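Participant: mind folding the following:
(2 chains)
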Amino acid sequence: SAVISQKPSRDICQRGTSLTIQCQVDSQVTMMFWYRQQPGQSLTLIATANQGSEATYESGFVIDKFPISRPNLTFSTLTVSNMSPEDSSIYLCSDRTGPYNEQFFGPGTRLTVL
Amino acid sequence: GENVEQHPSTLSVQEGDSAVIKCTYSDSASNYFPWYKQELGKGPQLIIDIRSNVGEKKDQRIAVTLNKTAKHFSLHITETQPEDSAVYFCAARDSNDYKLSFGAGTTVTVRA
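Facilitator: Residues are numbered from 1 along each chain as shown, chains lettered A, B, ... in the order given. Now for the predicted structure:
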């Protein structure tokens, strides 16, 4: 499986600011995803990061709040904009790869908004 | 869309005993069912998966069973060890969709 790394691993931010999370995969992958995991909860898909085009967002998530870039097949960024305490979560990058289309996750970015 | 239910939400077992987690899904078109283990402070780790063309799959101490008729699948961990303590998530995906739908998670605690 491709190795996924995320930066930063954690951050504490002030209300109203923005944070950009980076996701790097060590090999080219077809699909990349961004998930949110609120404290003690399951994983919720934010969007699919499409290489060279706009991301595909799930219901309840909008581009103005969570702009996503994917300039190539190994890198993507997620920005959490105009943050509020409700945005405090773990944000996970994920990819789908391999002959069996298995899906793997990065280590996550733990965000606390004060 | 797909709805995945997972039970129990918490599970405490004595070291050496077995643990079983059950999931049901709603979409009969689903054909891929992975299980993830998430340790504290880490991302989810794929531990085993099963496709709809088989009924059971084993990997050392873990096994997954699938009943397509009843639309449920289960994770079995035998000879549990303290390092098995984690949150486990089941998920489902169908051939027409690219998205995984996750269960709510099961917190497993293995008592020494």
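
Participant: what does chain A have sitting close to chain B?
Facilitator: Contact residues, chain A versus chain B (C-beta under 8 Å from any C-beta of the partner chain): A:1, A:4, A:31, A:41-43, A:45, A:48, A:92, A:96, A:100-108, A:110. Placement of C-beta: from N, CA and C, glycine included.

Participant: confidence score at the residue most central in space within chain A?
Facilitator: By C-alpha atoms, centre = their mean, chain A has its centre lying nearest to A:Trp34, at 3.3 Å. For A:Trp34, the pLDDT comes out at 98.

Participant: pull up the pairing partners for the helix or strand it falls within, direction included.
Facilitator: Assigned by DSSP states H and E, A:Trp34 belongs to strand A:31-37. In the sheet, strand A:31-37 lines up against strand A:44-49 (antiparallel), strand A:89-97 (antiparallel) (DSSP bridges).

Participant: can you lay out those as TSV showing distance to A:Pro67 and mean neighbour count?
Facilitator: As requested, those are exported to TSV (distance: least, C-beta to C-beta, whole Å; neighbours: other C-beta atoms under 10 Å in any protein chain shown):
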stretch	distance to A:Pro67	mean neighbour count
strand A:44-49	10	21
strand A:89-97	13	23
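
Participant: reformat those strands as a markdown table; add mean pLDDT and distance to A:Leu73.
Facilitator: A markdown table is the format used below for those (pLDDT from 0 to 100; distance: least, C-beta to C-beta, whole Å):
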| stretch | mean pLDDT | distance to A:Leu73 |
| --- | --- | --- |
| strand A:44-49 | 95 | 10 |
| strand A:89-97 | 95 | 10 |
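
Participant: what does A:Glu54 show for phi and psi?
Facilitator: phi -70, psi 150 (degrees, to the nearest 10).

Participant: what sits closest to it if chain neighbours are left out?
Facilitator: A:Ile63 (7.3 Å; C-beta to C-beta, 6 or more residues apart in numbering or on different chains).

Participant: do you know how far the one you found is from B:Val54?
Facilitator: Distance of A:Ile63 to B:Val54, given as C-beta to C-beta, to the nearest Å: 40 Å.

Participant: higher neighbour count, the two?
Facilitator: A:Ile63 (13 against 10; other C-beta atoms under 10 Å in any protein chain shown).

Participant: many thanks, have a good one.
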